[in-house]
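*Asks:* take a look and give me a structure for this.
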Amino acid sequence: MQRSQEAAYREYVMLRMDVLRRTAYLLCHDWHTADDLVSTTLAKLYDKWRRARQADNIDAYVRAMLVNAWLDERRRPWRREVPADQLPEVADVAVPPRGEHGDLLALLRSLPKRRRAVLVLRFYLDHSVEETAEVLGISPGTVKSQTARALDTLRAVLPDPSQVGG
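*Replies:* As a prediction, this is how the structure comes out:
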């Protein structure tokens, strides 16, 4: 990479780092994993910087890279197992404790990965249905159905359903 391109890359990263970290955290709910996802994304971005700068919307390009890095990470075999000392006898479906953001984060964490990604892209990053479909590589109809199912799931466990979606 040429020096001028590297300077532009560094400037872009400095300006977007916080938003990328928060987005990654909303996807994975772990700051260490979020940092790993951002690092992976930025390493790939460095290699593809010339192509990324030619994109119509570089932020959308990078967000797609971040979501894909998260989806790839979720597919890793060691991410599927959750160690526990004891297994519960009955599934705990209680509403998580209320907090400033804890309740929403816990509810997001309970959703399947694609539905979580759809909600983060649609409502946190304010993507349109079409933009979300493009980032995730799915049809707009799938985005709509995944959004509806995710919101229905959240409404079913919230004490006041008016707190979710509109």
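*Asks:* quick one: low-confidence parts of this protein?
*Replies:* 1, 76-103, 159-166 (pLDDT under 70).
*Asks:* name the element the residue minimising distance to the centre of it belongs to?
*Replies:* The chain has Leu27 as the residue nearest its centroid, 3.1 Å off, counting by C-alpha atoms, centre = their mean. Leu27 is part of helix 3-28 when elements are defined by DSSP states H and E.
*Asks:* for that helix, packing partners?
*Replies:* In terms of contacts (3 or more C-beta pairs under 8 Å, 6 or more residues apart in numbering; DSSP states H and E), helix 3-28 is packed against helix 31-47, helix 49-54, helix 58-74. Every residue, glycine included, has its C-beta placed from N, CA and C.
*Asks:* CSV for the ones you listed, including mean neighbour count?
*Replies:* Output for those, formatted as CSV (neighbours: other C-beta atoms under 10 Å):
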stretch, mean neighbour count
helix 31-47, 17
helix 49-54, 13
helix 58-74, 19
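*Asks:* just so I know, which of those helices lies nearest Thr142?
*Replies:* Closest to Thr142 of the helices and strands packed on helix 3-28 is helix 58-74 (C-beta to C-beta; 14.4 Å).
*Asks:* residues in contact with that closest one: which ones?
*Replies:* For helix 58-74, contacts defined as C-beta atoms under 8 Å, 6 or more residues apart in numbering pick out 12, 16, 20, 23-24, 27-28, 33, 36-38, 40-41, 44-45, 52, 55, 79, 113, 117, 121, 125, 127, 131, 134-136.
*Asks:* thank you kindly, that will do.
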